[in-house]
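A.B. asks: pasting the sequence and the predicted model now:
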Amino acid sequence: MDNTQKLIELFKEFPGIGPRQAKRFVYFLLNKNPAYANDIAGLIKEVRSTVHSCDTCFRFFPVPTGRQANGNSNTCPTCRDTNRDAKSLMIVSHDVDFENIEKTKFFNGYYFVLGGTVPILEKTPEKRIRQKDLLETIEKRIKNKLSEIILALNYNPEGENTLSYLTEVLKPLTDKNNIKISTLGRGLSTGTELEYSDSDTIKNALKNRQ
């Protein structure tokens, strides 16, 4: 396999990218000025070294220069914000879902990013999401009077399956500590993904959560 084909195979690993699109990416790069490809390669390395995963909510966030010396270097600004509502925890599948919801400025609680969803008929669902980390996070939040967990998941088969699975997994904790589990309400139609929803749609879904 030559380097061109290797690069095509790498691009095919990107979400939603098939063989044809991957091939277009490679030939697009080959037709650009060499400096363009060098810039992309440099930025990829820089992003990998300056963007960290939050040790509390697990979303990715950029770490300003010099922050490494700070004791909070692995905690994102949202999780460090003590003015947020400690009684609410919103669970989302991916970073883009966090970004879309936070952009509405409607929700003022804390977040947890699952890092994926649970496919239907999945035999090891606990390996597809950050289940262990989620349970540990909830245990910690309970000490700060957590009273509501919002499952902000996509209205598609995988999202619905993940919601059902999490509801069962969290039931012992929520029942024991009298924590309400809410889901997004009217505003999101069946098949909708949060990533592609506008701010007003998300606001309405949060207002009408059940």
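C.D. replies: Sure thing, it's come through.

A.B. asks: least trustworthy helix or strand in the protein by mean pLDDT?
C.D. replies: In the chain, no helix or strand scores lower on mean pLDDT, DSSP states H and E than helix 199-207, which sits at a mean of 66.

A.B. asks: so what touches the longest helix belonging to the chain?
C.D. replies: Ranked by residue count under DSSP state H, the longest helix found in the chain is helix 157-177. Helix 157-177 has contacts (CB atoms under 8 Å, 6 or more residues apart in numbering) with 91, 93, 114, 117-120, 122, 125, 129, 131, 134-135, 138-139, 142, 146, 149, 151, 153, 179-181, 183, 193. Where you see a C-beta, it was placed from the backbone N, CA and C, and this is true even at glycine.

A.B. asks: okay, buried residues for the helix or strand where E139 lies please.
C.D. replies: If you go by DSSP states H and E, E139 is part of helix 131-142. Of the residues in helix 131-142, 131, 133-134, 137-138, 141-142 count as buried by neighbour count, 16 or more other CB atoms under 10 Å.

A.B. asks: and the helix or strand just after it, what does it pack onto?
C.D. replies: Tracing the chain past helix 131-142, the next element assigned as helix or strand by DSSP H and E is strand 148-151. Counting contacts by 3 or more CB pairs under 8 Å, 6 or more residues apart in numbering; DSSP states H and E, strand 148-151 packs against strand 88-92, helix 157-177, strand 180-183.

A.B. asks: and the shortest one, how far from the chain's centre?
C.D. replies: The one in question is strand 180-183. Relative to the mean C-alpha coordinate of its chain, strand 180-183 is positioned 18 Å out (CA atoms, centre = their mean, to the nearest Å).

A.B. asks: what is the nearest of the buried residues of helix 131-142 to D85?
C.D. replies: R141 (11.1 Å; CB to CB).

A.B. asks: check contacts around the closest residue to that closest one other than its chain neighbours.
C.D. replies: Leaving out its chain neighbours, the residue that sits closest to R141 by CB to CB, 6 or more residues apart in numbering is L89, at 5.5 Å. L89 makes contacts with 109-112, 137-138, 141, 146, 148-150, as judged by CB under 8 Å, 6+ apart.

A.B. asks: and the pLDDT for L89?
C.D. replies: At L89, the model reports a pLDDT of 97.
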